[in-house]
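Enquirer: here is my input, please return the structure:
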Amino acid sequence: MPAKSTPPVVTVAGQSAELDREIIAFWVQVAGLLGYSRSIGEIFGLIFLSELPLCADEVVERLGISRSGAGQGLKALQDIGAIKPVHPLSSRKEHYQMQTDLGVLVKLLLNARILPKVEELANQRAALDASVRAQGPAHLVQRFEKLDRWRNKTAPLLALLKTFST
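Expert: Down below sits the predicted model:
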């Protein structure tokens, strides 16, 4: 298995390149946890590091990724509200900066990624539960009953998450 390559990072905020790599690696892990690609984590990490808004060309140069990969990653990050476009007067290129309002970011992320997946899984569980009750063996009926009890215990947590999304 080949080793993961470390992206070539030009220092952004005057700190060491090693610190920049560690911060980007952190955002790669967060992106992976949320089901996003490594490149989306790298792009967000780079924008997180940058004091000034970055254009797509700067993302390509600093991370060593393709122009199309940068464009797709920037669009995905913009779609979930993690970054927002800005238009500096000194440039015709669109630049991007972090969404600094954590409440907006959490709301958009919940609505874009987490709550739809939770709802989809709940629907799948309910359909499987109905099938098992209709034709399944007794041990599966008992297991789905345990799942249902667990779902009832976690319902307040899901309700709390939903309040953040409105």
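Enquirer: what's the longest helix in this structure?
Expert: helix 138-164 (DSSP state H).
Enquirer: by contact count, what packs against the one helix or strand Ser39 maps to?
Expert: Under DSSP states H and E, the secondary-structure element containing Ser39 is helix 38-49. Contact analysis of helix 38-49 by 3 or more CB pairs under 8 Å, 6 or more residues apart in numbering; DSSP states H and E lists helix 17-33, helix 56-63, helix 67-79, strand 95-98 as its packing neighbours. C-beta here means a position set from N, CA and C on the backbone, and glycine is covered the same way.
Enquirer: quick one on the thing from earlier: identify each buried residue in the longest helix of the chain, please.
Expert: Judged by neighbour count (16 or more other CB atoms under 10 Å), helix 138-164 contains these buried residues: Phe144.
Enquirer: and the angle for the helix holding Ser39 with helix 17-33?
Expert: Angle of helix 38-49 versus helix 17-33, following axes from the mean of the first three to the mean of the last three CA atoms, to 10 degrees, is 130 degrees.
Enquirer: buried stuff in helix 38-49?
Expert: For helix 38-49, a neighbour-count test (16+ other CB under 10 Å) marks 38-49 as buried.
Enquirer: Val141 reaches Ser131, doesn't it?
Expert: No: using CB atoms under 8 Å, Val141 makes no contact with Ser131, being 10.6 Å away.
Enquirer: quick check: the gap between Leu108 and Phe48.
Expert: 16 Å (CB to CB, to the nearest Å).
Enquirer: oh, I was asking about Gln99
Expert: 11 Å.
Enquirer: other residues contacting the lowest-mean-pLDDT helix or strand in the chain?
Expert: Lowest on mean pLDDT, DSSP states H and E among the helices and strands of the chain sits helix 102-109, with a mean of 82. With CB atoms under 8 Å, 6 or more residues apart in numbering as the test, helix 102-109 has contacts from 34, 80-82, 99, 164-166.
Enquirer: next, the buried residues of whichever helix or strand comes after that helix.
Expert: Counting by DSSP H and E, the element after helix 102-109 in chain order, helix or strand, is helix 115-135. Neighbour counts over helix 115-135 (16+ other CB under 10 Å) mark 115, 129, 132 as buried.
Enquirer: kindly report the same for stretch 78-93.
Expert: So for stretch 78-93, counting by 16+ other CB under 10 Å, buried means 80-84.
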